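1. the following block contains a protein sequence and its predicted model.
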Amino acid sequence: MIWPVAAAATTVPTESTQQAIGYPSLFLLVLIGALVPVVPTGALVSSAAVVAVHQTAPFSLALVFVTASLAAFLGDVALYWLGRRGMGARNGSRWLAAIRARAPEERLARAQAKLADHGVAVLVLSRLVPAGRVPVMLACLIAQWPLRRFVRGNLPACLAWAVTYQLIGILGGSLFDEPWEGVVAAVVVTVVISAAPSVWKRVRSAG
């Protein structure tokens with residue numbers, strides 16, 4: 001009876017430690033990724049979901065979902081607020097410049113046209129389309145959407161985004177016995193999804 005007790009004593013703290021470190025880290029990294037769109041936040045959420053699948057603690061997946069969606073939502077709202085301040089400033093701002101730098105004219109024009117036709121629905125879908133979030137956000141800024149209207153559209157967008165990438169992680173975690181194998185699979189899938197539009201555009205241009 002000593003060995004099972006000892007094993008439980010060593011296993012529980014390990015999982016508890018992972019959760020104590022993992023959820024705040026996930027929140028911080030997704031928040032930073034929303035503000036500085038270079039962090040692969042989708043891969044982070046999928047990887048966290050893989051780990052959660054292999055944990056015994058209840059509500060692990062629910063906590064990943066809440067953490068990721070809340071961090072993405074707060075990051076988007078903060079970036080939009082900073083962008084609005086930049087739009088009102090005489091010389092702009094570095095945040096507005098960063099948003100403009102990541103919204104090519106072609107994508108921005110498409111985002112503006114779709115936003116004019118479909119409104120909030122485009123904002124909801126923009127987080128599910130690779131490289132679609134920033135052009136749509138800039139289109140909202142140019143259209144002078146008030147912060148409240150952006151918030152209403154961005155909330156379901158962040159929830160849908162978190163669900164999508166968490167499902168990728170759940171699938172990866174379910175297919176493999178070892179968490180690291182599921183993490184690798186989830187990261188590969190998210191990278192392929194992110195790169196697919198650019199690859200397709202190059203193939204069409206070459207053809």
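-> That came through, no problem. Numbers count the residues shown, from 1 in each chain.
2. what packs against the strand or helix carrying residue 69?
-> For residue 69, the host element (DSSP states H and E) is helix 60-88. On a contact count with 3 or more CB pairs under 8 Å, 6 or more residues apart in numbering; DSSP states H and E, helix 60-88 meets helix 2-35, helix 41-53, helix 94-101, helix 133-142, helix 147-175. For the C-beta atoms, the positions are set from N, CA and C on the backbone; glycine is no exception.
3. just want the angle from that helix to helix 133-142.
-> Interaxial angle of helix 60-88 relative to helix 133-142 (axes from the mean of the first three to the mean of the last three CA atoms, to 10 degrees): 40 degrees.
4. how far off centre is helix 60-88?
-> With CA atoms, centre = their mean, to the nearest Å as the basis, helix 60-88 stands 9 Å off its chain's centre.
5. buried ones in it?
-> Within helix 60-88, the residues that qualify as buried are 60-61, 63-65, 67-77, 79-80, 82-84, 86, counting by 16 or more other CB atoms under 10 Å.
6. quick one, that helix and helix 41-53 angle?
-> Going by the same axes, to 10 degrees, helix 60-88 makes 160 degrees with helix 41-53.
7. quick check: mean pLDDT of helix 60-88?
-> Across helix 60-88, pLDDT averages out at 93.
8. figure out which of the helices and strands packed on helix 60-88 is closest to residue 114.
-> In terms of CB to CB, the element of the helices and strands packed on helix 60-88 nearest to residue 114 is helix 133-142, at 7.9 Å.
9. touching the closest one from outside, list them.
-> With CB atoms under 8 Å, 6 or more residues apart in numbering as the test, helix 133-142 has contacts from 37, 76, 79-80, 83-84, 87, 96, 99-100, 102-104, 107-108, 110-112, 114-115, 122-123, 126-127, 150.
10. could you redo the last one with a cut-off of 7 Å?
-> For helix 133-142, the surrounding residues in contact (CB atoms under 7 Å, 6 or more residues apart in numbering) are 37, 80, 83-84, 87, 99-100, 102-103, 107-108, 111-112, 115, 122-123, 126-127, 150.
11. returning to what we had before: between the helix holding residue 69 and helix 94-101, how many degrees?
-> Using the same axes, to 10 degrees: helix 60-88 against helix 94-101 is 100 degrees.
12. tell me what angle helix 60-88 forms with helix 147-175.
-> 150 degrees.
13. so what does the helix or strand encompassing residue 106 touch, helix or strand wise?
-> Take DSSP H and E as the rule and residue 106 turns out to sit in helix 105-118. The contact analysis (3 or more CB pairs under 7 Å, 6 or more residues apart in numbering; DSSP states H and E) places helix 105-118 against helix 133-142.
14. state the mean pLDDT of the helix it packs on.
-> pLDDT averaged over helix 133-142 gives 93.
15. just how off-centre is that helix within its chain?
-> Centroid separation between helix 133-142 and its chain, computed with CA atoms, centre = their mean, is 16 Å.
16. buried residues in it?
-> 133-142.
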